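Enquirer: Fold the stuff below for me.
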Amino acid sequence: MKNNYVLLNNVEHADLKVVEQYSSDAGDGAAAVMTFPTEFENIQREYPILLRKNSEDDTFQAVAILGLQKGENLFLEGGKHSTNNGWAGNYVPAMVARGPFIIGFQEAGADGDDAQPMVFVDLEHPRVSRSRGTPLFKEFGGNSAYLEQVSGVLRTIHQGAEVGRAMFAALDEVGLIEPVSINIDLKNGDKHQLSGYYTVSEERLNALDGDTLHGLNAAGYLRGIFLMLSSLGNIEHLVARKNLRI
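Expert: Numbering: from 1, shown residues only. The predicted model follows:
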């Protein structure tokens, strides 16, 4: 899918709309999407949270698992039984909910001020339209409720990316991150494996000394750890969703 991101403004894009419908055609078919500590509270209620390693710099990032095999999102609905927006879960992960929008940065001004985060829109995104969908701006130029919602989603991503980098580096430093492979047996006899992922070692967590635990808690990371671990129970729900489609 070709991208064409431009800085969003209410003059050139006064009539721009977004179709609020999730689908594979709109690029929502990934089996895993990045997620962030700023949304773990919501994510852990429905999706397993695992870690994967960024091959470029060996840092860790969190992902919400949406399917059991490549290109499979078990939370997408279709056809006459689909919900209004095509998503089967109560909470849409921020990286999906952002749709055709990202946060970008303009070059710093001549006065030396730091570049400020701005909203950019992908004009080539299949959900972007001039003729149908939800307007981005009100009649006289103000942001629509939908655009305000998207701005909140982008803040979750922007702030969460920074928190995540620091959190996972801290967990790695104290030896809490370990590789994990999850074997899955379906009711028709098919077998799948979630591999190449990492998680937090409960055994190592329980063995940490008080000072290290206090440091993790003071930084706000301990709660995130518990949310990640509790989310793993959702693997059973993923298997149930998969079995219903067999």
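Enquirer: Residue 16 reaches residue 121, doesn't it?
Expert: Yes: the criterion here is Cβ atoms under 8 Å, and residue 16 meets it with residue 121 at 7.1 Å. C-betas here are computed from N, CA, C, even on glycine.
Enquirer: Can you pick out the residue with more neighbours from the two?
Expert: A count of neighbours by other Cβ atoms under 10 Å puts residue 121 above the other of residue 16 and residue 121, at 24 against 20.
Enquirer: which helices and strands sit right next to the helix or strand containing residue 180?
Expert: Taking DSSP states H and E as the definition, residue 180 sits inside strand 177-185. When contacts are defined as 3 or more Cβ pairs under 8 Å, 6 or more residues apart in numbering; DSSP states H and E, strand 177-185 sits against strand 191-200, helix 234-244.
Enquirer: Buried ones in the last one, by neighbour count?
Expert: Using 16 or more other Cβ atoms under 10 Å as the test for burial, helix 234-244 gives 234-235, 238-239, 241-242.
Enquirer: Same check on the first one?
Expert: For strand 191-200, the buried set under the neighbour-count rule, 16+ other Cβ under 10 Å, comprises 192, 194, 197-200.
Enquirer: those helices in this protein, which residues are they?
Expert: Residue ranges of the helices in the chain, as given by DSSP state H, are 40-43, 94-97, 145-173, 202-207, 210-218, 221-231, 234-244.
Enquirer: pLDDT averaged over the longest one - what is it?
Expert: Throughout helix 145-173, pLDDT has a mean value of 97.
Enquirer: Go through it and flag the buried ones.
Expert: Across helix 145-173, burial judged by 16+ other Cβ under 10 Å covers 146-147, 150, 153-154, 156-157, 160, 163-165, 167-168, 171-172.
Enquirer: ok, now the first one?
Expert: Buried positions in helix 40-43, judged by neighbour count with 16+ other Cβ under 10 Å: 40, 42-43.
Enquirer: Sort out which one of the residues you listed lies nearest residue 184 for me.
Expert: The nearest member of the buried residues of helix 40-43 to residue 184, counting by Cβ to Cβ, is residue 43 at 19.9 Å.
Enquirer: Residue 215: neighbouring residues, count only.
Expert: Quick note: residue 215 (other Cβ under 10 Å) scores 15 neighbours.
Enquirer: The one 3 residues further on now?
Expert: For residue 218, the number of neighbouring residues by other Cβ under 10 Å comes to 9.
Enquirer: List the beta-bridge partners for residue 17.
Expert: Note on residue 17: beta-bridge partners by DSSP bridges are residue 129, residue 135.
Enquirer: So it sits against residue 125, correct?
Expert: No: contact between residue 17 and residue 125 fails when scored by Cβ under 8 Å: they sit 11.6 Å apart.
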